[in-house]
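Visitor: just the structure for this:
(one chain, ligands or ions: 2)
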Amino acid sequence: MFNVQRYKNSSRTTNKPQCSCIPAPAPSPLHLFICSSSSTTITCDMAFKTLITLASLATAVFAAPSPLVSCGGGRSVQNAACCAWFPVLDDIQANLFSGAQCMEEAHEAIRLTFHDAIGFSMALTQEGKFGGGGADGSILAFSDIETSFAANFGLDFTTEAFIPFAVAHQVSFGDFVQFAGAVGASNCLGGPRLQFLAGRPNNSQPSPDGLVPEPTDSADKIFARMQDAGFSPTELVHLLSAHSVAAQYEVDTDVAGSPFDSTPSSFDTQFFVESLLKGTAFVGNGQGGESMSPIPGEFRLSSDLVISRDQRAACEWQSLVNDHQTMVNNFEAAMMKMATLGQTVSELVDCSDVIPVPASAKFTATFPPSKSINDVDSACSSFPFPSLGTQPGPVTSVLPITA
Ligand code: HEM
Ligand SMILES: [Ca+2]
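Guide: Ligands and ions are numbered 1, 2, ... in the order given. Have a look, this model is predicted:
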């Protein structure tokens, strides 16, 4: 096993008053609030009002912006414990993400957040078969087991590359997976600034097989699996914004690096546009979860096809075609939920201020060259597909992402 220390959260204490409510002598309907340290007795009603007032005051005081703590080098954070993440940030930006790029490793980092966190099942927990799980770093701690699952095929390269960083910086695997994903996403033009909470313990169990959705799965199967982890079809659409900065390497290795949209380094809405165009040809061999795509070089996952055409998701999908800001907001909210699956949020420290602010961009969605509204395969009848311009020029092939 790796010698990784558990991230130490600041100790927390609770102030419980040494008081209790007892019924007042009949016929009074009141309960009396009696404190051991005081001879005063007041009614519970009054006591609770006082406590509520004190609690609101305390909340107001603690909610006030706290002074920033300097971490040196011109960087500062709200919580001093978060300074420890800057060396991790600098290391992965330079040595994992090739200088803060939104390329293959950053994409893999985003994907890994999902493949770790989705190892969580309310049904299995209720049946007493697999409690816990979720965003716990098990995909790194038990990479030999979890990367043998079909849905994680090829992720062994990623886990091998990621593990040494977590070990070197002595942070928990669960924290590292979510941190690397948030930093990777921030490298993408127009990307989200994801929340990052630190302090996940390093005590995961291997996830059972079968919890990560596969590109060959039906919409019913995928929605059921996501529901079992606490996500609605709408939230799944929000999470799938990640496929705007994505490519495949393992579904068809002969066309490794073929992206899911024409702008795989921009967290823009082109994925939602292009995935709704009629497929015309396979980029690869058409097997293992590939569907026909509309543009040469672009790869379409069958799972994206069935989800985007399903009545439970189609309108949400279409609503994001030309709404980058909503796409970012939705993704941030859904990722916040996913990154803490199986964790006790109150025990984590908010270190979001360590995550870089992504380069902002104002995107206007367009049809690829030669495509128009006539090529749209909309499954949403509630509102029309937005009116978009067409990129000028001849049809060009989307280039693969190469290392
Ligand atoms: C229905 C659920 C999903 C299915 C079936 C699915 C399937 C896939 C597949 C088959 C690949 C290609 C892997 C390869 O061959 O290298 C992929 C890539 C990717 N997925 Fe998903 N995915 C799903 C949801 C998600 C979610 C929720 C996220 C993130 C929040 C995500 C992020 C990514 C990213 C970033 C990549 C690109 C990885 C790279 O370029 O190396 N996916 N996905
Ligand atoms: Ca894109």
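
Visitor: how about the residue of the stretch 1-150 of the chain found nearest ligand 2, nearest residue that isn't a chain neighbour?
Guide: Nearest residue of the stretch 1-150 of the chain to ligand 2: Cys102, at 9.4 Å (CB to the ion). Placement of C-beta: from N, CA and C, glycine included. Distances taken as CB to CB, 6 or more residues apart in numbering put Cys188 closest to Cys102, at 3.8 Å, once the chain neighbours are dropped.

Visitor: didn't the one you found look like it was pressed against Ala106?
Guide: Yes: the pair Cys188 / Ala106 is scored as a contact, 6.8 Å apart, by CB atoms under 8 Å.

Visitor: what's the overlap in contacts for these two?
Guide: Val245 (CB atoms under 8 Å, 6 or more residues apart in numbering).

Visitor: next up, the contacts around the residue of the stretch 1-150 of the chain closest to ligand 2.
Guide: By CB under 8 Å, 6+ apart, the contact set of Cys102 is 184, 187-189, 191, 245, 264-267.

Visitor: these: which ones sit near ligand 2?
Guide: Ser266 (CB under 5 Å from the ion).

Visitor: could you pull out the helices in the stretch 1-150 of the chain for me?
Guide: Remark: helices assigned in the stretch 1-150 of the chain by DSSP state H, counting those that start in this stretch are 44-63, 85-95, 104-117, 122-126, 138-141, 143-146.

Visitor: pLDDT weak spots in the stretch 51-200 of the chain?
Guide: Counting by pLDDT under 70, the stretch 51-200 of the chain has low-confidence residues at 51-65.

Visitor: for this protein, what lies in contact range of ligand 2?
Guide: Taking CB under 5 Å from the ion as the criterion, the neighbours of ligand 2 within the chain are 244, 261, 263, 266, 268, 270.

Visitor: what's the closest of those to Pro201?
Guide: Ser244 (32.4 Å; CB to CB).

Visitor: how about the residues of the stretch 101-250 of the chain by ligand 1?
Guide: Selection of the stretch 101-250 of the chain residues close to ligand 1 by CB under 6 Å from any ligand atom yields 104, 107-108, 110-111, 114, 154, 213-215, 222, 239-240, 242-243, 245-250.

Visitor: same thing with the stretch 251-400 of the chain?
Guide: Residues of the stretch 251-400 of the chain lying close to ligand 1 (CB under 6 Å from any ligand atom) are 251, 289, 301, 303.

Visitor: out of these, which is nearest to ligand 2?
Guide: The shortest approach to ligand 2 among those belongs to Leu301, at 14.5 Å (CB to the ion).

Visitor: so who does the closest residue to the closest one other than its chain neighbours touch?
Guide: Nearest residue to Leu301 in three dimensions, chain neighbours excluded: Pro215, at 4.4 Å (CB to CB, 6+ apart). Residues in contact with Pro215, defined by CB under 8 Å, 6+ apart, are 251, 288-290, 301-304.
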